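Novice: Model the following, please.
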Amino acid sequence: LVAPNLNGTVQVTELAPVGSLAHEKDLIVEYDDSERLAALDEAQMALQQTDEQIKGAKANLGITESQDALNLLKERYAVRAAELNMQKKDVIDLIDAKKYTLALEEANRAVTQLETDIAMRKAQNESILAVYGEQRGRNLLDIRREQQRIEQTKALAEITGLVSIRQNRAGNFNFGQVMPDIREGDTLQPGMLVADILDLSEVEVWAKVGELDRANLVEGQDALLQLDSVPDQQFH
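Specialist: Here you go, the predicted model:
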């Protein structure tokens, strides 16, 4: 089992006892997750803020579109009124006919300009919503990343076996000094080997025997073993 990269402090808060028997999915090592929980809360708050910004932008977009639609309708009515006035130019004097012609041209220009402005505002609002959408995607990515890091704060046994704890090689030790085993409270570096789960399906035993007992041993002789991790069983 390897110390994870939590993008912060990797501190052991719980550790299975050395020599204990661990079953599959048992907790072996747990790391402090307070920094990651705080980061997750921050990422979730950022997502909520982005969602509120999206709601506000959509609301403003709806108001703007409604107002633009009303203004465009008024301008088109003005064009229609000018067109109706143009039908009178044959029965009115030349000056009034010219006024009606200019009024129609002005109304058409106003409609064209308003349609251009509406299209520009719509494109601008859609661009703002696209930016918020990208921000929301980054917020979701941050949340998933923090959730994955929180999951990594609990190292579980993948098989049933004997727990063996590695030495703490993160500190500064003099040459020849015995490095202590990793303990609860230690701060580790990402990627460090922390513990091993030893497969007990096959066991090779090495033993030192006193010189006097050596004469009582013969090759092929049965041996009776007892493990501290399994005190209620004996193995032949």
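Novice: Next, N5: secondary structure please.
Specialist: At N5, secondary structure determined by DSSP: H, G, I helix; E, B strand; the rest coil is coil.
Novice: Not counting sequence-adjacent ones, nearest residue to it?
Specialist: Closest residue to N5 apart from its sequence neighbours, by Cβ to Cβ, 6 or more residues apart in numbering: P190 at 3.8 Å. Any C-beta I mention is one placed from the backbone N, CA and C, and that applies to glycine too.
Novice: Repeat that for N139.
Specialist: Distances taken as Cβ to Cβ, 6+ apart put L47 closest to N139, at 4.0 Å, once the chain neighbours are dropped.
Novice: Can you show me the helices along the protein?
Specialist: Here the chain has its helices, by DSSP state H, at 34-86, 94-151.
Novice: Output these as a markdown table; include the columns mean neighbour count.
Specialist: Below are the helices of the chain laid out as a markdown table (neighbours: other Cβ atoms under 10 Å):
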| stretch | mean neighbour count |
| --- | --- |
| helix 34-86 | 14 |
| helix 94-151 | 14 |
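Novice: Tabulate those in JSON lines, adding columns for mean pLDDT and distance to A22.
Specialist: Shown next, in JSON lines, are the helices of the chain (pLDDT from 0 to 100; distance: least, Cβ to Cβ, whole Å):
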{"stretch": "helix 34-86", "mean pLDDT": "87", "distance to A22": "24"}
{"stretch": "helix 94-151", "mean pLDDT": "87", "distance to A22": "19"}
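Novice: Select, out of the ones you listed, the one closest to D186.
Specialist: The closest of the helices of the chain to D186 is helix 34-86. By Cβ to Cβ, the value is 16.2 Å.
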